[in-house]
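Visitor: Based on what follows, work out the 3D shape:
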Amino acid sequence: MRQNVGMLELAILGFLYEAPLHGYELRKRITALTGHVRPVGESTLYPAIKRLEKAGLLARETQPGTAAAPRHMLTLTPAGRRDLLRRLAEPDRLDVTDENRWFTLLAFLRHLPGRDEQAAVLRRRLTFLEEPASFFYEGERPVSAEELDDPFRRGILTIARATSAAELKWLRAMLRSLE
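Guide: A predicted model of the protein is given here:
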């Protein structure tokens, strides 16, 4: 549960770093980014907003609604901007190793002001992807797609290998451009 909270908070801070938003618009943007894997409901989003507001990372201003109900405009405070930049520069290990969290981090990495800082985060992901790994093991040894009789598990590993190869190619090119 805590890892989902970290990803959600990062997305909230990241989108508000770009512009003040109403809660409904913020939810739409987060859902577009992460909703296919981790849907964002009001019962999850609004408690996260309240936690960030209580921590002084965002501010809420009530504005008249277009129909009837008032709407809450959310803005990032200076402390919220600093917190986002810290989270981007010093991501948790799961932020680098979990694909969904990585994509959320990557969506806002451009906000880090220094190319060296951006490159350091990309290098952490590169190091992770270069480690031998599999979804399936025999004891401690990772099993390759070619070793599997199960066509479905072989499919998982084949798709993962192609995805990793594409990401490795992109990461190396991006690191060259940053350095």
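
Visitor: from here on, contacts and neighbour counts on C-alpha atoms
Guide: Noted.

Visitor: Determine the three-state secondary structure at the residue most central in space within the chain.
Guide: Geometric centre of the chain, nearest residue: Thr104, 1.8 Å, by CA atoms, centre = their mean. Here Thr104 takes the helix state, with states given by DSSP: H, G, I helix; E, B strand; the rest coil.

Visitor: in the protein, which spans are helices?
Guide: Counting by DSSP state H, the chain has helices at residues 2-18, 23-34, 42-54, 78-89, 93-97, 99-108, 115-130, 151-178.

Visitor: which helices and strands sit right next to the longest one?
Guide: Counting contacts by 3 or more CA pairs under 8 Å, 6 or more residues apart in numbering; DSSP states H and E, helix 151-178 is packed against helix 115-130.

Visitor: Check which residues of the helix it packs on are buried.
Guide: 117-119, 121-123, 125-126, 129 (16 or more other CA atoms under 10 Å).

Visitor: ok so, going back, could you dump the helices of the chain to CSV with distance to Glu140 and mean pLDDT?
Guide: Formatted as CSV, these follow (distance: least, CA to CA, whole Å; pLDDT from 0 to 100):
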stretch, distance to Glu140, mean pLDDT
helix 2-18, 26, 85
helix 23-34, 32, 88
helix 42-54, 37, 89
helix 78-89, 32, 97
helix 93-97, 19, 92
helix 99-108, 22, 92
helix 115-130, 17, 96
helix 151-178, 17, 94
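
Visitor: could these be laid out in CSV, adding distance to Val143?
Guide: Shown next, in CSV, are the helices of the chain (distance: least, CA to CA, whole Å):
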stretch, distance to Val143
helix 2-18, 27
helix 23-34, 30
helix 42-54, 37
helix 78-89, 33
helix 93-97, 19
helix 99-108, 20
helix 115-130, 16
helix 151-178, 9
